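# sequence and predicted structure below; questions after.
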Amino acid sequence: MLKGKAAIVTGSTSGIGLGIATALAAEGCDVMLNGFGDPAAIERLRAGLAERHGVRAAYTAADMAKPAEIRELIAETARQFGGVDILVNNAGIQHVAKIVEFPEERWDAVIAINLSAALHTTKAALPLMIARKWGRIINIASAHGLVASGEKAAYVAAKHGLVGLTKVTAIETANQGITCNAICPGWVLTPLVQQQIEARAKVQGIPVEKAREDLVREKQPMLDYTTPEQIGAFAVFLCGEAASTITGAALSIDGGWAAQ
């Protein structure tokens, strides 16, 4: 049922976002990529998605901290693909510091990209979905949208806020053929996390496998990482008919992190 649908995935040039964009393209969705990175590498990703899955794939470098660029992202997707059916708010940044030392500009940046951007994308995309009487909005929150960790004030606040925005969006669109849900991952084995594991192994002088297990053990009962591909499959499910009455939910995929 997703063939021919138009999807936007923010922060989709790597990691979780790319996993979701790839899964949607595999289901026949036209996909608008967004994010930062080497232009040549991004073009290879875009062309590869289009060629492998026989869909239209485009890219915009819209800055998720700038509302005007966000509105243009939605408008450009509608121009190229004829509308916006699926919106995945995935773009995010992190900064770690104690509250008494937290730089104000970093707080503002984390809130802007991790939370406010989702409001701006949703506000711009909803009229297009309402007109079609169908839409799927997926907000990529975090286990930190449900529980907290020290030294992550901005990230935890933003992700908790994103879960709240998800619920309000779901309530307001409940009878318009639109659903809105939040996916709350725990540790995900992205290239960035793999680099973190390898750096930890080097500093501590331990095998990479030991560092990998030690890192996940700090938070999760299940000593395994979620993959971007698994989150992509989860997103596809939420866009499908079987999930048509799932809305306003914060859905954990976290190895039991939030169950503790």
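On my side now, so go ahead.

# and the strands in this protein?
Ranges of strands within the chain are 6-9, 30-34, 57-60, 86-89, 135-140, 178-185, 250-253, based on DSSP state E.

# ok, Lys167 - how many residues close by?
Neighbour count for Lys167, taken as other CB atoms under 10 Å: 16. In short, each C-beta sits where N, CA and C put it, glycine included.

# so it sits right up against Gly248, yeah?
Yes: assessed by CB atoms under 8 Å, Lys167 is found in contact with Gly248 at 4.7 Å.

# buried residues in stretch 206-225?
Using 16 or more other CB atoms under 10 Å as the test for burial, stretch 206-225 gives Ala211, Arg212, Leu215, Val216, Lys219, Gln220, Tyr225.

# just the terminal-to-terminal distance for it.
Separation of the first and last residues of stretch 206-225 by CA to CA, to the nearest Å is 19 Å.

# any idea how the protein splits into domains?
With domains defined by automatic domain parsing, the chain comprises 6-188+226-259, 189-224.

# quick check: mean pLDDT of the first one?
This means domain 6-188+226-259. If you average the pLDDT over domain 6-188+226-259, you get 98.

# next one: that domain to chain centre, how far?
Its chain's average C-alpha position is 4 Å from that of domain 6-188+226-259, according to CA atoms, centre = their mean, to the nearest Å.

# circling back to that earlier point, could you point out which of the buried residues of stretch 206-225 is nearest to Arg46?
Tyr225 (26.9 Å; CB to CB).

# can you pull the contacts of that closest one?
Neighbour list for Tyr225: Trp187, Val188, Leu189, Val193, Arg212, Val216, Gly255 [criterion: CB atoms under 8 Å, 6 or more residues apart in numbering].

# closest to Gly4 among the residues you listed?
Nearest to Gly4, judged by CB to CB, of these is Val188 at 29.1 Å.

# gap between the most centrally placed residue in the chain and Arg44?
Nearest to the geometric centre of the chain sits Asn90, at 2.2 Å (CA atoms, centre = their mean). To Arg44, Asn90 is 20 Å away according to CB to CB, to the nearest Å.

# distance across stretch 78-90, terminal residue to terminal residue?
From start residue to end residue, stretch 78-90 stretches across 19 Å - CA to CA.
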